[in-house]
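>>> Would you be able to build a 3D model of this:
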Amino acid sequence: MSEVTDAVAHLVEHGTAVPALVLASLAALIATAGFHTRWSRRRGQAPPADDTGARPPTAERTAGTGSTGHETTGSEPGGTEPGGESALWRMRTTVRDAPGSLAVLCTALAERRIDILSLQTHPLTEGTVDEFLLRAPGELSGTELAEVVTAAGGARTWTERADAHDLVDAPTRVLALAARTALDAAELPLALRQLLGRCTIRSLPATADARTGARGDRAVPPEGTLEDTVLRLRAPEGGVISVERPHLPFTPAEFARARALVELDARLGPRIPRARDVLTLPEGSDITVRRADTRDVPAAKAMHERCSARTLGMRYHGPVGDADRYLNHLLSPRYGRTLAVQTASGRIVGLGHLLWDGDETEVALLVEDGWQRRGIGGELLGRLVAMAAETGCESVYAVTQASNTGMVAAMRGLGLPLDYQIEEGTLVVTARLDPSARSAARLPHGEPIGRE
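Numbering: from 1, shown residues only. Coordinates of the predicted model:
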């Protein structure tokens, strides 16, 4: 519970009131979380850990039960021999809602020396989805495990390798996600991903039909919709949050948990961490690096107006017609995180964006002409990539022009493995953030901007 305690202490320290309705939302999250044992190592950044960035299927985990389910823990008879090689598995299967159905399944697992470490139930209209955390003999494959379950009456069985993180206490994890969301609006997409496992989360802006004037988000009722492998929720600021998980249908309990987290975000309103760093550039000028959001749009627009056409063209790959439209999207915490660089007078002279792009993560930079070649771009990029690494992203990519030597140099300065793709003058540079690469990378040390 230490993460939650620290977060609450932080709110109190900065004079932030915690209203009863927020506490009620936290209680709802705990209730819908149940006592499952799924844990995600990702960014909370969250994303998202919390986000959003893809991981290999074998490293992914899906969510557990909600308030309608229950969990039992312990070991079934017939488990693996002490000291023998074993493997952890997450498994979901649908069984008939009839007395004895689950007992038959548990007996079949015990006969194959498979321990049941935790069990949750997701009651449906027809049947019940049971989610297990299992310890099985190391030689048992996922296909063989599914065959055992099918022979015992399970249907639509899904299996995935798990690890020791799945054994962590789930209520603590859910409280930590709620606390992180309370501190930073950019955490919502990443928190949803940690809550629901491997999935694609997209924030869709509210759009109006040119003929009827109807807003697109009105097609989604206030309580949201659940359609098998897709759930949609009304975004707090308008628009729709869409979550897709093609490999595993969502249960009503998971939908209720996601809706409770979005409700918490909506009740808290706009917010970003207030942390800021004052840095001294090589020539002696002091700059401040801080988080930014849509409240900084006027200052960001003024910076755009001071930038040359060449600088804007390098950033946006062509003429910039409607800066307001670009900036409202780029500075929205719903689509990622933004760092701003400001001078001692308060003027913004640089912007760095970390953008959640479905399953991928993009980085983008813009530095005012008079402040270029002073190390600002590299400083911003290092901090953005450190944020992405903190949230568990496997890679980040930058889209620029082949002639943008400054951006290429900044990417190379990270000290990470890079991949280059170029087509018709457009260059995409991808940096890999696997643990071994991060350990050798030249990323900022200490607390990244965005954490207070």
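>>> Could you use CA atoms for every contact and neighbour count after this?
OK.
>>> avg pLDDT for stretch 194-201?
Per-residue pLDDT values over stretch 194-201 give a mean of 85.
>>> ok, now stretch 339-358?
Here the average pLDDT along stretch 339-358 is 91.
>>> Please apply the same query to stretch 222-237.
The model assigns stretch 222-237 a mean pLDDT of 89.
>>> Tell me which residues are up against that stretch.
Contact partners of stretch 222-237, identified using C-alpha atoms under 8 Å, 6 or more residues apart in numbering, comprise 203, 217, 220-221, 240-252, 255, 259, 262-263, 265-266, 269.
>>> end to end, how far does that stretch reach?
For stretch 222-237, the first-to-last residue distance is 13 Å (C-alpha to C-alpha, to the nearest Å).
>>> How far off centre is it?
Between the centre of stretch 222-237 and the centre of its chain there are 17 Å (C-alpha atoms, centre = their mean, to the nearest Å).
>>> coming back round to it: looking at the contacts of stretch 222-237, which are in helices?
Judged by DSSP state H, the contacts of stretch 222-237 include 252, 255, 259, 262-263, 265-266 as members of helices.
>>> which residues does the spatially closest residue to residue 139 that is not a sequence neighbour contact?
The shortest distance from residue 139 to any non-neighbouring residue, by C-alpha to C-alpha, 6 or more residues apart in numbering, is to residue 86 (7.8 Å). The contact partners of residue 86, taken as C-alpha under 8 Å, 6+ apart, are 80, 135-139.
>>> Do you have the helices of this structure handy? List them.
Shown for the chain, the helices assigned by DSSP H span residues 2-13, 20-33, 101-111, 142-151, 170-183, 188-196, 252-268, 297-306, 309-316, 323-330, 376-390, 405-412, 435-440.
>>> out of the ones you listed, deepest packed?
The densest packing among those, expressed as mean neighbour count by mean count of other C-alpha atoms under 10 Å, is seen in helix 188-196 with a mean of 30.
>>> Just the CA atoms of it, as PDB, please.
Provided in PDB are the C-alpha atoms of helix 188-196 (Å, rounded to 0.1, in the frame of the first residue of the first chain):
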ATOM      1  CA  LEU A 188      -5.800   7.400 -17.800                       C
ATOM      2  CA  PRO A 189      -5.000   5.500 -21.100                       C
ATOM      3  CA  LEU A 190      -2.000   3.800 -19.500                       C
ATOM      4  CA  ALA A 191      -3.900   2.900 -16.300                       C
ATOM      5  CA  LEU A 192      -6.700   1.400 -18.500                       C
ATOM      6  CA  ARG A 193      -4.100  -0.700 -20.300                       C
ATOM      7  CA  GLN A 194      -2.700  -2.000 -17.000                       C
ATOM      8  CA  LEU A 195      -6.200  -2.700 -15.800                       C
ATOM      9  CA  LEU A 196      -7.300  -4.600 -18.800                       C
END
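>>> coming back round to it: could I get the helices of the chain as CSV with distance to residue 124?
Listed next are the helices of the chain as CSV, based on distance: least, C-alpha to C-alpha, whole Å:
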stretch, distance to residue 124
helix 2-13, 32
helix 20-33, 15
helix 101-111, 15
helix 142-151, 19
helix 170-183, 22
helix 188-196, 18
helix 252-268, 8
helix 297-306, 46
helix 309-316, 48
helix 323-330, 39
helix 376-390, 37
helix 405-412, 49
helix 435-440, 40
